[in-house]
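Q: the sequence isn't on hand, but the structure is:
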Ligand SMILES: *Cc1c(COP(=O)(O)O)cnc(C)c1O
């Protein structure tokens, strides 16, 4: 059997290139708490992303939790059921009730037309997700937030490096959150960041991620330990040197899929919007009724061939039992998100995906078209 192929694989520069960073850490004996690597990475990321105020975190989830705490969000927050579960979990960690709204027809993101009807006297914020790095309808969401005086916190975990004609996506909202988990486009093993609009907010967030300490004898708020350590930050610095090459390689994988999977009945490829810079973080396809296998049958068929595509995002967050109970759902809410969750499959995409492996994936998907599951 050929090597397993996972949905993603980190882009790791040669180990020898990482050793000097480790040596610096050993020499300085500073392992964490805003050391030199941490300081350099915050600055370098700010430059790369074109934003002023970056706060690094141990992971994206703690960043989300802290972002909500920093803006003192309580009550209810409107969000999307079509995301990774951490989006909604961050609300629960703050004692906030998630209110889910459906996604856009023919899209992946929260439908702005659904937001207004979900607003109550308790609503304090909107937490949209730039799903697969696809920009949300930022203007429409901002307009509603302005009318109802709501804050916006973007879960931009998928959007690293995505730019529209005016700059990085993470400049939007009251705060934007990134994840640098090993499965993301840019990684620090585990990691994340909050992008703040001003230095004052960044300073407050930096305190909250360090237990709320202002100085040795003063704390503000019940801050958490959300600090990124020096080894994490060092990997980030090294990764950043190779990010353009990694994104270019991802683009080629994306192109090859679009060529090789074109014209398969029932397999829908989704065009990306026109962007100044894309990150090719995911390659979602929709398995329609005309395809001979169901989405789950294709997923299994690929697994049997050692290819681990993923059903991002199935099930919907709102379908996990705790959320179902909490939001008193009966199970037919969010029809667009549900139909998408039942048809979507994210194919392997990463910079070092070998063309031969990609060809094999494409051939298997094509062969699914003349092989009924009963005959396998
Ligand atoms: C990865 C991810 C997160 C969580 O990030 P971690 O760094 O793994 O904690 C949050 N939201 C979305 C949409 C994600 O994909």
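A: Perfect, I can see it now. Note that the coordinates shown come from a computational prediction; the quantities given were computed from them, not determined experimentally. Residues are numbered from 1 along each chain as shown.

Q: need the longest helix for this protein.
A: In the chain, ranked by residue count with DSSP state H as the criterion, the top helix is helix 243-260.

Q: in the next helix or strand after that one, what counts as buried?
A: Remark: after helix 243-260, the chain's next helix or strand is strand 267-269, criterion DSSP states H and E. Within strand 267-269, the residues that qualify as buried are residue 267, counting by 16 or more other CB atoms under 10 Å. Glycine gets a C-beta too; all of them are placed from N, C-alpha and C.

Q: repeat that for stretch 252-268.
A: Neighbour-count burial for stretch 252-268, counted by 16+ other CB under 10 Å, picks out 253-254, 256-257, 260-261, 264, 266-267.

Q: residues contacting that stretch, please?
A: With contacts defined as CB atoms under 8 Å, 6 or more residues apart in numbering, stretch 252-268 is touched by 269, 280, 283, 285-292, 347, 349-351, 353, 355, 358-359, 362, 365-366, 369.

Q: just the buried ones from the residues you listed?
A: With burial judged by 16+ other CB under 10 Å, the buried subset of these is 280, 283, 285-287, 291-292, 347, 349-351, 353, 358, 362, 365.

Q: mind checking which of the residues you listed are in strands?
A: 285-287 (DSSP state E).

Q: among those residues, which ones lie close to the ligand?
A: Among these, no residue lies close to the ligand (CB under 6 Å from any ligand atom).

Q: any chance of those residues in a markdown table, plus pLDDT?
A: Formatted as a markdown table, the entries for those read as follows, by pLDDT from 0 to 100:
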| residue | pLDDT |
| --- | --- |
| 285 | 98 |
| 286 | 98 |
| 287 | 98 |
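
Q: just those now: which is nearest residue 113?
A: Nearest to residue 113 out of those is residue 286 (CB to CB; 21.5 Å).

Q: surely that closest one touches residue 346?
A: No: with contacts counted by CB atoms under 8 Å, residue 286 stays clear of residue 346, the gap being 10.9 Å.

Q: run a quick neighbour tally on the closest residue to the ligand within the stretch 1-150 of the chain.
A: Nearest residue of the stretch 1-150 of the chain to the ligand, counting by CB to the nearest ligand atom: residue 60, 2.7 Å away. Residues near residue 60, counting by other CB atoms under 10 Å, number 26.

Q: spit out the contact partners of it.
A: Taking CB under 8 Å, 6+ apart, we find residue 60 in contact with 86, 157, 177-181, 191-192.

Q: swap the cut-off to 6 Å and go again
A: 157, 179, 192 (CB atoms under 6 Å, 6 or more residues apart in numbering).

Q: name whatever forms a beta bridge with the residue nearest to it when sequence neighbours are not counted.
A: Residue nearest to residue 60 in three dimensions, not counting chain neighbours: residue 179, with 2.9 Å by CB to CB, 6 or more residues apart in numbering. On the basis of DSSP bridges, residue 179 is bridged to residue 192.

Q: tell me if I'm right that residue 179 and residue 157 touch.
A: Yes: the pair residue 179 / residue 157 is scored as a contact, 3.8 Å apart, by CB atoms under 6 Å.

Q: kindly report the residues of the stretch 201-350 of the chain close to the ligand.
A: Counting by CB under 6 Å from any ligand atom, none of the residues of the stretch 201-350 of the chain come close to the ligand.

Q: ok, back up a step: among the buried ones among the contacts of stretch 252-268, which two are most distant?
A: Maximum pairwise distance among those (CB to CB): 31.8 Å, between 292 and 351.

Q: next one: the longest helix of the chain to chain centre, how far?
A: The chain centroid and the centroid of helix 243-260 are separated by 18 Å, computed with CA atoms, centre = their mean, to the nearest Å.

Q: can you check stretch 59-74 too?
A: Counting by CA atoms, centre = their mean, stretch 59-74 is centred 15 Å from the centre of its parent chain.

Q: what about that stretch, average pLDDT?
A: Stretch 59-74 shows an average pLDDT of 98 in the prediction.

Q: which positions in that stretch come out as buried?
A: Buried residues in stretch 59-74, counted by 16+ other CB under 10 Å: 59-71, 73.

Q: just put the residues you listed in JSON lines and tack on secondary structure.
A: What follows is these, written out as JSON lines (DSSP: H, G, I helix; E, B strand; the rest coil):
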{"residue": "59", "secondary structure": "coil"}
{"residue": "60", "secondary structure": "helix"}
{"residue": "61", "secondary structure": "helix"}
{"residue": "62", "secondary structure": "helix"}
{"residue": "63", "secondary structure": "helix"}
{"residue": "64", "secondary structure": "helix"}
{"residue": "65", "secondary structure": "helix"}
{"residue": "66", "secondary structure": "helix"}
{"residue": "67", "secondary structure": "helix"}
{"residue": "68", "secondary structure": "helix"}
{"residue": "69", "secondary structure": "helix"}
{"residue": "70", "secondary structure": "helix"}
{"residue": "71", "secondary structure": "coil"}
{"residue": "73", "secondary structure": "coil"}
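
Q: dump those residues into JSON lines; add distance to residue 134 as well.
A: Converted to JSON lines, the buried residues of stretch 59-74 look like this (distance: CB to CB, whole Å):
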{"residue": "59", "distance to residue 134": "23"}
{"residue": "60", "distance to residue 134": "18"}
{"residue": "61", "distance to residue 134": "21"}
{"residue": "62", "distance to residue 134": "25"}
{"residue": "63", "distance to residue 134": "21"}
{"residue": "64", "distance to residue 134": "19"}
{"residue": "65", "distance to residue 134": "24"}
{"residue": "66", "distance to residue 134": "25"}
{"residue": "67", "distance to residue 134": "21"}
{"residue": "68", "distance to residue 134": "23"}
{"residue": "69", "distance to residue 134": "28"}
{"residue": "70", "distance to residue 134": "26"}
{"residue": "71", "distance to residue 134": "24"}
{"residue": "73", "distance to residue 134": "25"}
